[in-house]
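[1] Coordinates for the following, if possible.
(chains A and B)
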Amino acid sequence: QKEVEQDPGPLSVPEGAIVSLNCTYSNSAFQYFMWYRQYSRKGPELLMYTYSSGNKEDGRFTAQVDKSSKYISLFIRDSQPSDSATYLCAMGGSGSGNTGKLIFGQGTTLQVKP
Amino acid sequence: NAGVMQNPRHLVRRRGQEARLRCSPMKGHSHVYWYRQLPEEGLKFMVYLQKENIIDESGMPKERFSAEFPKEGPSILRIQQVVRGDSAAYFCASSPTGAGNYGYTFGSGTRLTVV
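    As a prediction, the model looks like this:
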C-alpha cells in the first residue's frame, strides 16, 4: 500500500464546473499538506499549503484536510481551461527527525473543456 | 528573482556514461531537495542537502547516484554508468528553511534520456 493514494484520472469537466480532487494517506504523522499544479513539461508549482486539519481558501481554490479520515481535498470553483494540468498532493511530517521530505501522490490529470 | 535554475533542460546519455545535473537554488535559499519523476508517477524524494552537507539521502539508490551542494556553486546530482531505467525527469527544489514544510519552489527539471 502506498503512503499516499491519488486517483490519476484523467478527469474531464466543462468550463465553469466545480472540480474536486482528493488524496488519502496512511501515515498519521503527516502534519503538513500541500497541493501542487504541474503543467506539461514544467516543474510543480505550489498552489495551497495547510497545516493539520481544517480548510483554507485562496481565490477559486479551497483545500480541506480531515486528519481523522486521513483524507485531503482540493476544490476548484468556476474551472477554466487554463486550470488544465496535473494536480499533485504532497505531505510532510513534523517533530524530531523531520527533514522536510515530502511524499507525493501520483497526480490527477485534469482537463477543463471550453 | 530568477527562481530555481536547473540545467541542462534535456540530457541524452548512452548507457554506461555519466550524467551531471545542476541546480542553482533561489537567492537566499540554502536548502536543496532532489526528486525524480518517472513517467506516469508522482515525484519521489531522493536527497536533501544544505551547503556542504547531506542531511537526508534515504531516497537515493545505493549505487551510482551521488549528490553534493558545495559552499560555492550549484548543487550537483551525479549518476554514474547510466542505465535505461534512469530515464526520468529530475527536479530540484529549494527552501529558505530546513523543514521545507512551507512548500518548496521547484525548478523546471532536467529530462534525462538514456539510449
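
[2] distance of the closest residue in space to residue A:14 that isn't next to it in sequence from chain B?
    Once flanking residues are discounted, residue A:14 sits nearest to residue A:113: 5.5 Å by CB to CB, 6 or more residues apart in numbering or on different chains. The C-beta positions use only the backbone N, C-alpha and C, and glycine is treated the same way. The gap separating residue A:113 from chain B is 22 Å, by CB to the nearest CB, to the nearest Å.

[3] Settle this for me: residue A:113 is touching residue A:16, isn't it.
    No: the criterion here is CB atoms under 8 Å, and residue A:113 misses it with residue A:16 at 10.3 Å.

[4] and for the two, which residues touch both?
    Shared contacts of residue A:113 and residue A:16 (CB atoms under 8 Å, 6 or more residues apart in numbering or on different chains): none.

[5] returning to what we had before: can you pull the contacts of the residue nearest to residue A:14?
    A:12, A:13, A:14, A:15, A:81.

[6] Which ChimeraX command selects the buried ones in these?
    Selection of buried members from these for ChimeraX, criterion 16 or more other CB atoms under 10 Å in any protein chain shown:
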select /A:13
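
[7] Please report the distance of residue A:40 from residue B:115.
    According to CB to CB, to the nearest Å, residue A:40 and residue B:115 sit 22 Å apart.

[8] I'd say residue A:7 and residue A:110 touch.
    No: applying CB under 8 Å as the test, residue A:7 and residue A:110 come out as separate, 11.1 Å apart.

[9] Look at these two and report which has more neighbours.
    Using other CB atoms under 10 Å in any protein chain shown, the more surrounded residue of residue A:7 and residue A:110 is residue A:110, with 20 against 15.

[10] Enumerate the residues of chain A near chain B.
    A:4, A:6, A:8, A:31-32, A:34, A:36, A:41-46, A:49, A:51, A:88, A:90, A:92, A:94, A:98-107 (CB under 8 Å from any CB of the partner chain).

[11] Go through these and flag which are in strands.
    Secondary structure from DSSP state E places A:4, A:32, A:34, A:36, A:45-46, A:49, A:51, A:88, A:90, A:92, A:103-104 of these in strands.

[12] can you list the weak-confidence ranges in chain A?
    A:94-98 (pLDDT under 70).

[13] Pick out the residue of it closest to chain B.
    Nearest to chain B, among the residues of chain A, is residue A:100, at 2.5 Å (CB to the nearest CB).

[14] That residue against residue B:96, yeah?
    No: using CB under 8 Å, residue A:100 is not in contact with residue B:96, being 11.2 Å away.

[15] what residues are shared contacts of those two?
    residue B:31.

[16] which of these two has more neighbours?
    More neighbours surround residue A:100 than the other of residue A:100 and residue B:96, with 22 against 14 (other CB under 10 Å).

[17] Give the burial count for residue A:44, as a bare number.
    Residue A:44: 31 neighbours (other CB under 10 Å).

[18] before we move on, the earlier item: now list the buried members of the ones in strands among the residues of chain A next to chain B.
    Buried, going by 16+ other CB under 10 Å: A:4, A:32, A:34, A:36, A:46, A:49, A:88, A:90, A:92, A:103, A:104, out of these.
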